[in-house]
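> A structural model of the following input is requested.
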Amino acid sequence: MKIKMMKIILFLLAVFCFLSGGCGKKASEKKVYRVGILSGLNLFSGIANSFKENMKELGYIEGQNIIYDTQKTNFERDREKQILRKFVDDKVDLIFGFNTEVALEAKEITKGTDIPVIFANAILEGINLVNNTKLPGGNMTGVRYPSPDVAVKRLEIMHEMIPQAKRIWLPYQKGYSSVPAELSVLQKSLSYLDVNLIPFPAENIEHLQAELQRRNDLKDIGFDAVLLIPESLSTTRECFDVIAKYTRDRKIPIGGSFVTTEDYGTVFAVTINNKEIGKRAAYLCDKVLKGEAAGNIPVVTPELHLKVNYKIAKQLGLDVPEGLLCVADEIIR
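Take a look at the predicted model:
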């Protein structure tokens with residue numbers, strides 16, 4: 001009876017080993033995840049490094065249990081599509097893409113697949129990227145860029161730092177999807193700020209140059225400062241160089257995002273920190289790789305980050321309020 005029972009136990013053990021992939025396999029042999037990373041703008045390329053560092057802290061060791069295919073572009077739509085299609089063809093386990101345009105393209109290219117997408121630095125206002133932040137739906141979740149909040153905070157900081165600037169020129173890319181929502185909240189802010197916004201929708205760099213030349217021919221160019229809001233125009237080096245060259249000799253301050261060219265740059269920036277974006281994206285990725293559906297994971301919003309370029313401010317003869325310096329996350333001296 002005991003021998004018969006032993007045979008049954010050995011038989012069941014053999015079946016278990018067969019179904020579990022063999023008793024000879026080591027418990028340490030786990031799935032190796034493949035993640036495609038696409039940075040669509042040079043300004044945000046550091047997000048990928050932060051993402052990988054935090055993934056490592058979560059137990060994902062590159063070359064052991066995770067492999068990254070990291071790609072970079074800079075406003076190159078056709079190349080971004082090619083890269084994302086290759087990710088899909090390679091059947092990666094997850095795509096991590098940023099910024100807004102990359103996120104939208106990833107959503108379109110992954111339709112009909114089961115590949116989840118984690119986005120970062122994506123503006124949600126005015127586009128159909130997710131259903132809502134609490135339940136994004138589909139195969140998408142990520143770290144949003146809170147563009148209306150950023151736009152308002154930039155205007156408030158400019159008013160506090162440069163109270164004498166009553167006429168603020170606001171150039172932006174004509175037709176950019178997030179701008180209407182940003183302009184709407186900015187107009188509401190004018191009720192308690194004594195400033196006049198002068199929006200200028202630029203079709204391209206030539207249009208921008210022509211407008212500045214037109215103003216140059218006037219007795220009064222019509223603005224005291226330049227405010228950059230979250231959109232694509234001000235993030236391109238060529239367009240910023242045009243604005244910087246025009247304002248530098250006139251000692252007109254530029255604020256909003258952090259951009260520099262030669263010996264000139266913006267006096268402050270209100271944005272979100274790339275390291276925090278990467279960290280938050282890594283936690284979302286961990287949830288997805290552990291089996292949670294991306295579309296059921298709420299979109300997260302990072303805290304705003306204030307950077308003051310004290311060096312440029314002093315070159316322009318600006319007295320930066322001590323209270324502003326106290327709350328700044330970073331000061332460049």
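
> Can you pull up the most central residue in the protein?
By C-alpha atoms, centre = their mean, the chain has its centre lying nearest to residue 121, at 1.9 Å.

> Torsion angles phi and psi at that one?
Dihedral pair for residue 121: phi 50, psi 30, per degrees, to the nearest 10.

> Residue 275 is in contact with residue 50, isn't it?
Yes - counting by C-beta atoms under 8 Å, residue 50 is a contact partner of residue 275 at 4.5 Å. Every residue, glycine included, has its C-beta placed from N, CA and C.

> Among these two, which residue is more densely surrounded?
Ranked by neighbour count (other C-beta atoms under 10 Å), residue 275 and residue 50 place residue 50 first, with 20 against 17.

> in what helix or strand does the more buried one lie?
helix 46-57 (DSSP states H and E).

> and that helix, which residues are buried?
Using 16 or more other C-beta atoms under 10 Å as the test for burial, helix 46-57 gives 47-48, 50-52, 54-55.

> Likewise for stretch 209-227?
By 16+ other C-beta under 10 Å, the buried positions in stretch 209-227 come out as 209, 211-212, 221, 223-227.

> Tell me which two of those sit farthest apart.
For those, the maximum inter-member distance is 20.6 Å, found between 209 and 224 (C-beta to C-beta).

> if I look at the residue lying closest to residue 66 once chain neighbours are set aside, how far off is residue 44?
Distances taken as C-beta to C-beta, 6 or more residues apart in numbering put residue 60 closest to residue 66, at 4.2 Å, once the chain neighbours are dropped. Residue 60 is 21 Å from residue 44, where distance means C-beta to C-beta, to the nearest Å.

> Repeat that for residue 286.
Using C-beta to C-beta, residue 286 is found at 21 Å from residue 44.

> and those two? which has more neighbours close in?
Legend: neighbour count by other C-beta under 10 Å for residue 286 and residue 44, higher for residue 44 (20 against 16).

> distance of the closest residue to residue 236 other than its chain neighbours from residue 195?
Sequence neighbours aside, residue 75 is the residue nearest to residue 236 in space, at 6.8 Å (criterion: C-beta to C-beta, 6+ apart). Using C-beta to C-beta, we find residue 75 at a distance of 31 Å from residue 195.

> Likewise for residue 136?
For residue 136, the distance to residue 195 equals 36 Å [C-beta to C-beta].

> so is the residue nearest to residue 98 when sequence neighbours are not counted in a helix, a strand, or just coil?
Ranked by C-beta to C-beta, 6+ apart and with sequence neighbours excluded, the top spatial neighbour of residue 98 is residue 120, at 3.8 Å. Classification of residue 120 using DSSP: H, G, I helix; E, B strand; the rest coil returns strand.

> so residue 96 bridges to which residues?
Using DSSP bridges, the bridge partners assigned to residue 96 are residue 37, residue 118.

> Local confidence estimate at it?
What the model reports for residue 96 is a pLDDT of 98.

> mind giving me the domain ranges of the protein?
As assigned by automatic domain parsing, the chain contains the domains 33-144+274-302, 148-271+306-332.

> quick revisit: for the residue nearest to the centre of the chain, list the residues it contacts.
By C-beta atoms under 8 Å, 6 or more residues apart in numbering, the contact set of residue 121 is 41, 44, 47, 98-100, 143, 145, 272, 277.

> if we go to 7 Å?
By C-beta atoms under 7 Å, 6 or more residues apart in numbering, the contact list for residue 121 reads 44, 47, 98-99, 143, 145, 277.

> Just put those residues in a markdown table and tack on secondary structure and distance to residue 305.
Putting the contacts of residue 121 into a markdown table (DSSP: H, G, I helix; E, B strand; the rest coil; distance: C-beta to C-beta, whole Å) gives the following:
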| residue | secondary structure | distance to residue 305 |
| --- | --- | --- |
| 44 | helix | 13 |
| 47 | helix | 13 |
| 98 | strand | 16 |
| 99 | coil | 16 |
| 143 | strand | 13 |
| 145 | coil | 12 |
| 277 | helix | 10 |
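
> Same list (those) but as a markdown table, adding distance to residue 262.
Shown next, in a markdown table, are the contacts of residue 121 (distance: C-beta to C-beta, whole Å):
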| residue | distance to residue 262 |
| --- | --- |
| 44 | 22 |
| 47 | 26 |
| 98 | 28 |
| 99 | 26 |
| 143 | 32 |
| 145 | 28 |
| 277 | 28 |
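
> Top of the residues you listed by number of neighbours, please.
Tallying neighbours with other C-beta under 10 Å puts residue 98 at the head of the contacts of residue 121, with 30 neighbours.

> so how far is residue 118 from it?
For residue 98, the distance to residue 118 - C-beta to C-beta - is 9 Å.

> so what's residue 308 up against?
Neighbours of residue 308 in contact, by C-beta under 7 Å, 6+ apart: 268, 320, 324-325, 328, 331.
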